[in-house]
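Novice: Generate coordinates for the sequence data below:
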Amino acid sequence: MKAIRIHDYGTFEQLKYEDVPVPEIKDDQILVKVYTTSVNHLDMKKASGEAKDTMPIQLPWIPGHDFAGTVEKTGKKVTGFEVGDKVYGNSDGNSYAEYLAADISKVVLKPESLDFAEASSVPHVGETAWQAIHTHGQLKSGQKVLIHGAAGAVGAFAVQFAKLAGAKIYATASTEDIDLVKSLGAGTVIDYKTTDFTTVAEDIDLVLVLVGGNTQEKSYNVIKQGGRLVSTTGPILEDLARDHKVTGVSMVIKQSAKDLQSITDLINEGKIQTDIALTYPLSEAATGWKVLSGKDSSLPHVTHGKIVLEVTK
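Specialist: Residues are numbered from 1 along each chain as shown. Model (predicted):
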């Protein structure tokens, strides 16, 4: 089969499109014929070696976490899936390939309303947002939430989940994405390029920090005592959290079929929308990585939506 692999730590220049063996599945796995996957910062972080102490990879390594495709084979202990089922889910890598050995604890049936490309844009960022809002954020109806980076892939889902939870939503976004974030359900959208969010938001119950810089540091000034801050971009500033009597959590996604099924149900009910920015063939994964990095001015500038890779047409 064809796959993208890296043989040494690095960035897009390490991505090689080459032939590799079809993986063998364990008794509790399914073999998925992958139609689409997507580009995530996590793949780039792992490939760079930046996180090798906490998220080690074994070289040569096939990147890729999200995937959507069809079941080709089931393990001896697998129930609930049959050959031919259309599925989607998460993996710890290996989805930049024509076939994937997938753990059934991380896979569910694909939403009926989404095609494969749309489906593969959901699992990683959708589950991250779900866990930020619900598992760690414990957001309740009537509470105020401030979502930084609300037009981003995680942020867009977080806004929608917060709306369904009945929260009052404040969000930060760039000028060109304000209308988009409002359409997702945010009541107050703050243009971070022109306005200091601390002059608008106050008495916030939950802050989601999905961007870097000094955003977390400034956010403690708008959270009420006893409030919560969830960061996906770095460790909690413990001194500030303690001084402001705020609970802080630095989170990474815990891949979960249960959470993904909850999201799938909402998609099937027409309550959640997806957003694809660009699509490239798997062989051009390096271009997708360059676009996501935003460092090549000759390539499209993406402020919202996922970059999807077509593996099989």
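Novice: Spatially, what comes nearest to Thr70 if we skip its sequence neighbours?
Specialist: Lys33 (5.1 Å; Cβ to Cβ, 6 or more residues apart in numbering). Yep, even glycine has a C-beta here, placed from its N, CA and C like the rest.
Novice: How about the secondary structure of the one you found?
Specialist: Assigned with DSSP: H, G, I helix; E, B strand; the rest coil, Lys33 falls in the strand class.
Novice: From Leu100, how far out is it?
Specialist: 8 Å (Cβ to Cβ, to the nearest Å).
Novice: Give me the more crowded residue out of those two.
Specialist: Taking neighbours as other Cβ atoms under 10 Å, Lys33 and Leu100 compare with Leu100 leading, 31 against 18.
Novice: Any idea what that one is bridged to?
Specialist: In this entry, Leu100 is beta-bridged to Val32, by DSSP bridges.
Novice: In contact with it, which residues?
Specialist: By Cβ atoms under 8 Å, 6 or more residues apart in numbering, the residues touching Leu100 are 23, 31-32, 34, 67, 69, 91, 94.
Novice: I'd like to know how many residues surround Ser38.
Specialist: Ser38 is flanked by 29 other residues according to other Cβ under 10 Å.
Novice: Apologies, that question was intended for Gly226.
Specialist: Using other Cβ under 10 Å, Gly226 has 10 neighbouring residues.
Novice: ok, the residue nearest to it when sequence neighbours are not counted to Glu269 distance?
Specialist: Spatial nearest neighbour of Gly226, excluding adjacent residues (Cβ to Cβ, 6+ apart): Lys245 at 6.3 Å. For Lys245, the distance to Glu269 (Cβ to Cβ) stands at 38 Å.
Novice: any idea which of the contacts of Leu100 is closest to Gly152?
Specialist: Lowest distance from Gly152 to those (Cβ to Cβ) belongs to Phe67, with 20.7 Å.
Novice: right, and the closest one touches Gly89 too?
Specialist: Yes. When contacts are counted by Cβ atoms under 8 Å, Phe67 is listed as touching Gly89 (6.5 Å).
Novice: Which strand or helix spans the residue nearest to Gly226?
Specialist: Using DSSP states H and E, Lys245 maps to neither a helix nor a strand.
Novice: do Val145 as well
Specialist: For Val145, the host element (DSSP H and E) is strand 144-148.
Novice: Name every sheet partner of that strand and say whether each one runs parallel or antiparallel.
Specialist: Short version: by DSSP bridges, strand 144-148 pairs with strand 168-173 (parallel), strand 204-209 (parallel).
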